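Novice: Got a sequence here, can you build the structure:
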Amino acid sequence: MRSTRMAAVAAGVALMTGLTACGSEQADGGGGDEAKGGGSAVQGALAALKRASTATEEKNSAAADGVQKTTTQGKTMSSELKGAFDWSSGGIQGEVEATADGSATTIRYLSDAMYMKLQKPMQGKQWVKTDYETMAEQSASGAMLKDQMQNNNPARSVQLLLASGKVKSAGTETVRGAEATHYSGTLTPSELVRMQSKDLKESDKKALEQQFEKQGITEEKIDLWIDENDLLVKKEESFETKDGSSSENTVFYSDYGTEVEVSAPPASQTLESSRMKASGGAELS
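Specialist: Numbers count the residues shown, from 1 in each chain. So this is what the prediction gives:
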């Protein structure tokens with residue numbers, strides 16, 4: 001399997017950890033104090049999501065497993081991710097087992113970089129390090145990923161719908177044997193970029209908006225399931241482009257408060273992704 005395919009999976013873990021990281025000053029959105037009274041269906045949904053945001057974020061860690069599906073020119077590629085994450089320090093740290101195209105690897109996420117275990121050693125190294133700061137300097141997409149990994153957690157998806165005020169309850173459903181309330185919302189690419197970015201420069205925000213416009217993405221649908229303890233237990237995100245391509249991502253959260261221990265691989269076994277590119281290897285960032 002090509003390294004670039006696994007690199008895309010590695011970057012895609014942001015979808016597991018929350019994807020949408022709006023700033024804390026935006027988190028109240030349309031919720032407000034009046035939402036507590038449940039004066040309307042929207043206000044009731046916002047009040048429930050506000051409780052879920054607080055409860056989920058306060059847990060500081062969770063296990064997660066999910067499936068990412070991308071369809072391009074009629075061909076669907078699927079990847080599976082399973083791991084655990086800790087966000088007590090503000091950003092995401094953890095380890096994931098990823099499977100794509102029939103191959104599996106381990107990906108570790110720390111505060112400043114992610115490390116992907118290679119299928120086969122390269123230049124005598126077993127791991128490739130992708131530095132978040134380096135990614136941010138290379139492109140707007142890299143800057144967004146850095147922003148996500150250093151400011152994200154599962155509660156951020158909840159906070160995005162809170163910030164937008166565009167949410168409705170879709171009833172009660174069973175998620176892995178337990179009852180949960182389904183909430184749904186649809187946002188434009190501009191709303192996603194503006195609301196989910198905490199530290200992005202204005203130039204990066206504009207570049208991302210232009211990128212989404214060029215791809216013909218007009219909206220993204222976000223569905224959340226909240227259990228009786230006000231915890232996020234399932235998330236789905238999906239969008240389509242003007243050429244018929246699409247992306248669907250489903251994540252389940254469990255074991256909140258689990259202990260997560262992760263460390264960087266030995267420096268002697270680590271190769272910088274920028275060095276791979278310079279030497280003619282696959283680009284991983």
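Novice: Going by C-alpha atoms from here, please, whenever you check contacts or count neighbours.
Specialist: OK.
Novice: The stretch 1-150 of the chain: strands as residue ranges?
Specialist: 61-72, 75-86, 93-100, 103-109, 113-122, 125-131 (DSSP state E, counting those that start in this stretch).
Novice: Over to the stretch 151-285 of the chain?
Specialist: With strands called from DSSP E, counting those that start in this stretch, the stretch 151-285 of the chain shows them at 168-175, 178-187, 220-227, 232-240, 246-254, 270-272.
Novice: TSV for those, including mean neighbour count and mean pLDDT?
Specialist: Output for the strands of the stretch 151-285 of the chain, formatted as TSV (neighbours: other Cα atoms under 10 Å; pLDDT from 0 to 100):
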stretch	mean neighbour count	mean pLDDT
strand 168-175	15	95
strand 178-187	19	94
strand 220-227	22	94
strand 232-240	22	93
strand 246-254	19	93
strand 270-272	19	90
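Novice: Looking at the ones you listed, which is nearest to residue 134?
Specialist: strand 270-272 (10.4 Å; Cα to Cα).
Novice: which residue packs closest to residue 84, ignoring adjacent ones?
Specialist: Sequence neighbours aside, residue 63 is the residue nearest to residue 84 in space, at 4.1 Å (criterion: Cα to Cα, 6 or more residues apart in numbering).
Novice: got a list of what the residue lying closest to residue 65 once chain neighbours are set aside touches?
Specialist: Of all residues not flanking residue 65 in the chain, residue 82 sits nearest, at 4.2 Å (Cα to Cα, 6+ apart). The contact partners of residue 82, taken as Cα atoms under 8 Å, 6 or more residues apart in numbering, are 63, 64, 65, 66, 96, 97, 98.
Novice: low pLDDT regions in the stretch 51-200 of the chain?
Specialist: Low-confidence segments of the stretch 51-200 of the chain (pLDDT under 70): 193-200.
Novice: repeat that for 80
Specialist: Within the stretch 51-200 of the chain, the segments meeting pLDDT under 80 span 90-91, 101, 139-152, 189-200.
Novice: wait, what's in contact with the residue lying closest to residue 96 once chain neighbours are set aside?
Specialist: Using Cα to Cα, 6+ apart and skipping the chain neighbours, the partner closest in space to residue 96 is residue 83 (4.2 Å). Contact analysis of residue 83 by Cα under 8 Å, 6+ apart lists 63, 64, 65, 94, 95, 96, 97.
Novice: any idea how far residue 83 lies from residue 182?
Specialist: Plainly put, residue 83 is 24 Å away from residue 182 if you go by Cα to Cα, to the nearest Å.
Novice: from memory residue 126 sits against residue 269, does it?
Specialist: Yes. Using Cα atoms under 8 Å, residue 126 is in contact with residue 269, at 5.4 Å.
Novice: okay, the two: which has more neighbours?
Specialist: Counted by other Cα atoms under 10 Å, residue 126 and residue 269 do not tie: residue 126 has more neighbours, with 18 against 15.
Novice: ok, the more buried one - contacts?
Specialist: 117, 118, 120, 269, 270, 271.
Novice: Could you tell me how many residues sit around the closest residue in space to the first one that isn't next to it in sequence?
Specialist: Residue nearest to residue 117 in three dimensions, not counting chain neighbours: residue 127, with 4.5 Å by Cα to Cα, 6+ apart. Applying the criterion other Cα under 10 Å, we find 28 residues in the vicinity of residue 127.
Novice: Just grab the bridge partners of residue 127 for me.
Specialist: Note on residue 127: beta-bridge partners by DSSP bridges are residue 117, residue 270.
Novice: which residues sit in contact with residue 141?
Specialist: 204, 208.
Novice: Against residue 263, how distant is it?
Specialist: Distance, residue 141 to residue 263, using Cα to Cα: 26 Å.
Novice: now swap in residue 83 and tell me
Specialist: Residue 83 sits 14 Å away from residue 263, going by Cα to Cα.
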